[in-house]
Every structure is written in C-alpha cells, then in structure tokens.
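Q: following is a predicted model, sequence given first.
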Amino acid sequence: MKPLTKTWIAIWLLCSLFVFESSAQQSTNKDTGSCLPCSELKNLKLPDVTIILSELVKPDTSNKEYTEKPHCKVLGVIGKEINFELLLPDEWNGRFAMGGGGGFVGNIQNGSRYSINRGFATAGTDTGHKGNGVKADWALNNLERQVNFGHLAIHRTAEVSKSLIYNYYCAEVEFSYFIGCSRGGGQALMEAQRYPEDFNGIITGAPAYNWPELTAEFIQNSQAVYPNSDDLENPVITSDNLKLLQKAVLDACDQIDGIEDGIMNDPRDCNFKLSDLPICKEGRAGKDCFTKKQIEAIKIIYEGVNIDGEKIYPGFPFGGENDNGGWIAWIVGPNTFLKPLNFPSLQFGFGTEVMKYFVFNDPDWDYSTYDFENFKRDTEYAASNLNATSTDYSKFKNNNGKMILWHGWEDAALSALSTINYYESVKKTDSEVENYLKLYLLPGVLHCGGGPGPDHADWLEIIQKWVEKGEAPDRVIVSKKEHGKVVISRPVYPYPRKAVYDGEGDPNTESSFK
C-alpha cells in the first residue's frame, strides 16, 4: 500500500495545529487571579485535550537518590492518543524542562524528569503510540502516528504543558528547556528547526536526525554480520574477534594523546590499519586471528555506506569495539535482551523496523536481499516525517535560542562522525553558528553515556547560564562516577578545539589538561 501524499499530510497537520493552538490561546486568556488547585486541573476544558488524572504527590523517601520533591502530577491525552505526563513542583522556579525519549518511545518518557527537584515543571510523552521502544509495527499504514512520532507530539505536549502550567501557577513560563539523547536528540533538533519558539535552550545528545542514512548503515552492517536471514544465532564477527580487535586498536593508538588509559582523545588521529590484524590460515577460524570474511565485515562497519559513489553515512570511528554497550549490543550481538523479538542486535532491530513500517509498509520485508539501488526514492516519504536535517536555524537564532550538541566518540549506535558532518553543514550555512550552537565530543563515551570515558556534565545548568545570563560555555567539565565518587574529570571544548594533556599532572583530573 502506498503512503498518502504530502498534500494530505499538510492538510492534516494544519488541522491538528489549528485545534491545539486554539486550546493554548483559550487557556492563557484567563484571569490571573483564578489559579486552579491540583485536584481541579482534571476538570479543565481544553480543546482536543483530555486530563485523566491530577493529584498531589508526596516525596518517596525510600530511595534517597531519586526522591522527587512534592508536586502535582498530571496525566492526559492530546488528540487521539498522545499520552503525556506533567509534573508541577510545589516550589516552582518559573521554568519548564521537557525531556525526550529513546528508540521508538512507546511509553511516556522524560529525560529531564529529575529537574523537578530544582523547581522545574517538567513533562514527557509517549509520542502518540504504545510499544516496547524497538518494534515499530504500530506505524504500519498509520499517517497520524508517524507524524506524531516524527515531530508533532513533542510540540503539542510542550504547548499543552505550558497552558496547564499557566492555569496552575497563574504565571507564564519564563524560560523553557528541552533535553534529549538519541531519538530524544533528534527530537531536540526537530524542535529547533520546526518549532523554534517552543524552547529557549536545547540539549541535544547523539542525535538520530537523518533516519534514512542511519538506517542504511544499520541494514548494511546487518547484512555483513548476519548475511543469512535464517541464521541469526551466529554472527560473522565473534566475541573473540571483538576482544582482539579492540586490543589491536588500543595498542596502536592509545598513547597518541599522551595517556595510556584505554581512551582515545580523538579517534581520527588513530592510524590503525585492518591489514595489521592477524589473518587465519585458509579454512580455519580461531580466537587469535580473523578470517577474510570477518575482516571484510569489520571494514564495512568502519567505512560506512556508499551508494552510487556518494557517501551516505560515514561509518564508525575506532574505539568501543569490545566495551559493554558498544559493538556487541548495537552491531554484532547476540543481544540477549532482544532475543524474544528475534533481533540479534539493536542496529538490526531498528534498521529492519524502519524499513518495514516507515518505508515499505511491508512486515515481511527481508533485509538480506535489499540492494540499495533505489534507496533515496524508497526513503523519501519516511524522511519527510522523521528527518531533522535542516541547517537553517535563523528563526531559532533570531528568537535568541541556544543549543548544546554533544556526542560520545565511542558511540556504536550513531556515529560521532555523522554529527560532526552535520555541524559542519550548519556552519557552512551560518558562519556565526557558535553564537547559538556548540558541539562537544566526549572521549571514551558510548551511546548517551557509559564507556571508559567521563560521560556526565550538568548540561541543564550549563544551558541555563547561557540562555539566562549570557555565559557561553567554553571549558565544560565532564566526569565519571563510580559508587557515587568522581574517578575521572576532564574538560571538553567546543568543536573543533580539544583538551590536551599537560604531560605531568594526574590524567584523571581536569586541571591536568589545557
């Protein structure tokens, strides 16, 4: 079945936007002296919005690390099936922070939930469908769900949340922020591009922003690692291969940055060659060598996707091959968490689901036989709903918006090289990009966190200072904690600058870098 035309998409979007923009206007035209108590928010009448629950929540002291301060909890539905949750703290700071989701979402997710303890009103959404986050069968021939997931649900939830905030506090939101990584990072870019007035400050981590491109990488890697669709138990690349591969990479490149610590400061400086790997004798495979077929599969992962002489996706930099949460989980498998879904790896799962339910509307589509011959034409419709690839941030910039973009160098889900390429494209569009958008690359960090490198920064505080005080972030300190204690701290600088070890100090302390 062919998808509906772009004309019908435009008509449907205009109707949806008209309804919920009207609800926002009606809710903010009220007398500021008539604030509603939490229990009465569920009776608030907003067009195309149903409030299911509004109740006061007392703190749960059983888990001190994740205790939430007293707040009003609101659950509701926007339109047909966009479920959302809004938390309204008793001690509100006048600000709103919304968090993104991961994968295909499918349940209410809020990556900024604990900002409530700083006084932020905060919200999350399931983006208009229910699912487990890896399956996308909910999107089959369903235009409304595809558009909601693509971009509209975040926007509508932000608008409705602001209306409810006004009705509860009798005050407008002073500053709004969005925080997301992976799918949430793509949501963040989408907001700045399509709805630049929704948020003053945006944190974008490892963004899934160009779905056809990353899907091409996922499918190509799956074809290389699992060439036989009837055998998903035995990947071409083995766990022994990954151990040997990562050791070889680190032996060749770990000391380039002056520190032997299992972390490469910039993998692009690594001159490792696959020809340096030990090759198994013909007809034999072993723990201490690689077959030619294994070398070819690894080469494909590093090199990325080329179609008709054009680089579609840049592939992955060296690093993280054998880290937990690295190649095993995302590329090679077998990922035991996904076994009930018959997905050997996360790339396999996301790649095949996008092609089945967003591209071809065919649950029986077979990844192993796809030849990419008509790739751009095949994915054009999906791209119109999913992609956040615009490089024009003029409206966001004119609205004095600020955005921080960050990516871990060892990310095996979405390549840091792709994010660098995107940032460079934005810079070509606007040479003054650093006045409102800065990119940070985190050495030794996997997808959205984890890995041997320091992966934590208080991005919300950093973006808040930039937006509200004009303090542009330059030297950002990232840290890694174990059992609640900081074990590594290092600075990161806006791309293309990078921290350099002074050669003398403690390499686990940020003051030893310049």
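A: Alright, I've got the coordinates.
Q: geometric centre of this structure: which residue is closest?
A: S182 (1.3 Å; Cα atoms, centre = their mean).
Q: got the domain ranges for the chain?
A: 6-210+390-512, 213-385 (automatic domain parsing).
Q: mean pLDDT lowest where, among those domains?
A: Ranked by mean pLDDT, the domains of the chain end with domain 6-210+390-512 at the bottom, a mean of 91.
Q: hey, where'd the helices end up in this structure?
A: 6-27, 143-147, 153-169, 183-194, 211-225, 239-253, 292-303, 327, 346-354, 375-386, 394-398, 416-429, 459-469 (DSSP state H).
Q: just put the ones you listed in TSV and tack on distance to C35 and mean neighbour count.
A: C-beta: built from backbone N, CA, C; applies to glycine. Formatted as TSV, the helices of the chain follow (distance: least, Cβ to Cβ, whole Å; neighbours: other Cβ atoms under 10 Å):
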stretch	distance to C35	mean neighbour count
helix 6-27	12	14
helix 143-147	34	20
helix 153-169	6	24
helix 183-194	28	26
helix 211-225	42	24
helix 239-253	58	18
helix 292-303	56	17
helix 327	53	27
helix 346-354	44	25
helix 375-386	38	18
helix 394-398	32	15
helix 416-429	42	18
helix 459-469	25	18
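Q: how much space between the residue nearest to the centre of the chain and W138?
A: Applying Cβ to Cβ, to the nearest Å, the value for S182 to W138 is 19 Å.
Q: and for C35?
A: Applying Cβ to Cβ to C35 and W138 gives a distance of 38 Å.
Q: so these two - more neighbours on which side?
A: W138 (18 against 14; other Cβ atoms under 10 Å).
Q: quick one, what contacts the more buried one?
A: Contact partners of W138, counting by Cβ atoms under 8 Å, 6 or more residues apart in numbering, are 104, 106, 129-131, 145, 357.
Q: out of the helices of the chain, nearest to G99?
A: In terms of Cβ to Cβ, the element of those nearest to G99 is helix 183-194, at 6.9 Å.
Q: what helices and strands are in contact with that closest one?
A: Counting contacts by 3 or more Cβ pairs under 8 Å, 6 or more residues apart in numbering; DSSP states H and E, helix 183-194 packs against helix 153-169, strand 175-181, strand 201-205, strand 402-408.
Q: CA atoms of it as CSV?
A: Taking Å, rounded to 0.1, in the frame of the first residue of the first chain, the C-alpha atoms of helix 183-194 are listed here in CSV:
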residue,chain,number,x,y,z
ARG,A,183,15.9,9.7,19.5
GLY,A,184,15.5,12.5,22.0
GLY,A,185,18.5,14.2,20.5
GLY,A,186,16.7,14.1,17.1
GLN,A,187,13.5,15.4,18.8
ALA,A,188,15.6,18.3,20.1
LEU,A,189,16.9,19.2,16.6
MET,A,190,13.4,18.9,15.2
GLU,A,191,12.1,21.4,17.8
ALA,A,192,14.8,24.0,16.9
GLN,A,193,14.1,23.6,13.2
ARG,A,194,10.3,23.2,13.0
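Q: contacts for that helix?
A: Contacts for helix 183-194 (Cβ under 8 Å, 6+ apart): 99-105, 109, 111, 150-151, 154-155, 158, 178-180, 198-199, 202-209, 386, 388, 390, 392-393, 396, 401, 403, 405.
Q: cool, stretch 493-511 as well?
A: So stretch 493-511 is contacted by 257-259, 261, 265-266, 420, 423, 434, 438-441, 473-477, 487-492, 512-514 (Cβ under 8 Å, 6+ apart).
Q: let's see that with 6 Å instead.
A: 258-259, 266, 438-439, 477, 488-491, 512-514 (Cβ atoms under 6 Å, 6 or more residues apart in numbering).
Q: and if you look at stretch 266-277?
A: For stretch 266-277, the surrounding residues in contact (Cβ under 6 Å, 6+ apart) are 248-249, 252-253, 256, 290, 295, 299, 317-319, 409, 498.
Q: I'd like the residues you listed laid out as JSON lines, including distance to H483.
A: Compiled in JSON lines, the contacts of stretch 266-277 are given as follows (distance: Cβ to Cβ, whole Å):
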{"residue": "A248", "distance to H483": "32"}
{"residue": "V249", "distance to H483": "29"}
{"residue": "A252", "distance to H483": "33"}
{"residue": "C253", "distance to H483": "30"}
{"residue": "I256", "distance to H483": "31"}
{"residue": "F290", "distance to H483": "38"}
{"residue": "I295", "distance to H483": "40"}
{"residue": "K299", "distance to H483": "40"}
{"residue": "P317", "distance to H483": "30"}
{"residue": "F318", "distance to H483": "30"}
{"residue": "G319", "distance to H483": "25"}
{"residue": "W409", "distance to H483": "25"}
{"residue": "K498", "distance to H483": "29"}
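Q: and of the residues you listed, the nearest to L87?
A: L87 has its nearest neighbour among the contacts of stretch 266-277 in W409, at 33.9 Å by Cβ to Cβ.
Q: wait, what's in contact with the closest one?
A: Applying Cβ under 6 Å, 6+ apart, the residues contacting W409 are 267, 319, 416, 441, 443.
Q: mind checking which of those residues land in strands?
A: Among the contacts of W409, the ones falling in strands (DSSP state E) are L441.
Q: greatest separation within the contacts of W409: which pair is it?
A: G319 and L441 (11.7 Å).
Q: the more surrounded of the two?
A: Taking other Cβ under 10 Å, G319 and L441 do not tie; G319 has more neighbours (30 against 26).
Q: could you flag which of the contacts of stretch 493-511 are buried?
A: Using 16 or more other Cβ atoms under 10 Å as the burial test, the contacts of stretch 493-511 include 259, 266, 438-439, 477, 488-491, 512-513 as buried.
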